[in-house]
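Undergrad: generate a structure from the sequence data that follows.
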Amino acid sequence: MLHEFWNKFGRAGSLAGLMVAALSASPAGAETPQFPAWRSLRDPVVNMRTGPGEDYAIRFVYRRQFLPIKVLRLFQGWYLVEDPDGARGWMMMRFLNKTPTALIRGKGPVEMHAGPGEGTPLLWKLAPGLVGRLGGCKDGWCQIDVERHVGFVPEGRLWGAGKP
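TA: Here you go, the predicted model:
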């Protein structure tokens with residue numbers, strides 16, 4: 001096809017055609033990834049490697065589907081990531097997704113309330129280490145769903161909420 005284009009329009013036409021093809025190669029409205037960003041583990045078992053490739057040693061094996069992960073940058077299909085404990089390494093893009101999740105952190109349980117604020121009814125006390133699906137956050141409170149228990153917790157007690 002390119003050969004036919006070249007013969008019909010010559011060098012100037014082919015360069016213009018290639019430029020149009022290059023500009024139209026990405027779909028309209030395609031997102032440019034912004035980093036850092038929150039992602040979560042897609043699979044129940046995911047390896048963190050010491051470098052961006054399968055030839056690099058495995059640093060950690062995560063057995064925590066939906067664990068929130070901070071993505072620092074992208075390199076040839078691999079994310080440089082940071083886990084909730086601050087460990088950094090590389091994960092293949094396909095093992096992470098954009099499902100918003102959060103991990104309860106800090107010492108002692110955190111109270112889950114029916115609404116965003118301590119004045120709302122107490123629903124549950126959540127132990128550090130629990131992971132749930134994250135809803136929206138506003139005024140320092142985030143909605144979270146932990147095993148179908150839905151309520152609000154302070155944003156400061158969550159890894160995976162707010163600005164990465």
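
Undergrad: could you tell me which ranges of the protein sit under the pLDDT cut-off?
TA: 1-32 (pLDDT under 70).

Undergrad: give me the domain ranges for it.
TA: According to automatic domain parsing, the chain comprises the domains 1-30, 37-99, 102-159.

Undergrad: make TSV from these and add mean neighbour count to it.
TA: Placement of C-beta: from N, CA and C, glycine included. Formatted as TSV, the domains of the chain follow (neighbours: other C-beta atoms under 10 Å):
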stretch	mean neighbour count
domain 1-30	10
domain 37-99	16
domain 102-159	16
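
Undergrad: and Ala57, its phi and psi?
TA: Main-chain torsions, Ala57, degrees, to the nearest 10: phi -70, psi 150.

Undergrad: and Asn97, by the same measure?
TA: According to degrees, to the nearest 10, Asn97 has phi -140, psi 180.

Undergrad: which residue, neighbours along the chain excluded, lies closest to it?
TA: What sits nearest to Asn97 in space, not counting adjacent residues and going by C-beta to C-beta, 6 or more residues apart in numbering, is Arg42, at 4.5 Å.

Undergrad: show me the contacts for that neighbour.
TA: Gln65, Arg94, Phe95, Leu96, Asn97, Thr99 (C-beta atoms under 8 Å, 6 or more residues apart in numbering).

Undergrad: at 10 Å instead, please
TA: Gln65, Phe66, Met91, Met93, Arg94, Phe95, Leu96, Asn97, Lys98, Thr99 (C-beta atoms under 10 Å, 6 or more residues apart in numbering).

Undergrad: isn't there a helix covering the fifth one?
TA: Yes: according to DSSP: H, G, I helix; E, B strand; the rest coil, Arg94 belongs to a helix.

Undergrad: ok, the most centrally placed residue in the chain to Cys137 distance?
TA: Most central in the chain under C-alpha atoms, centre = their mean is Arg39, positioned 1.3 Å from the mean C-alpha point. Separation of Arg39 from Cys137 (C-beta to C-beta, to the nearest Å): 17 Å.
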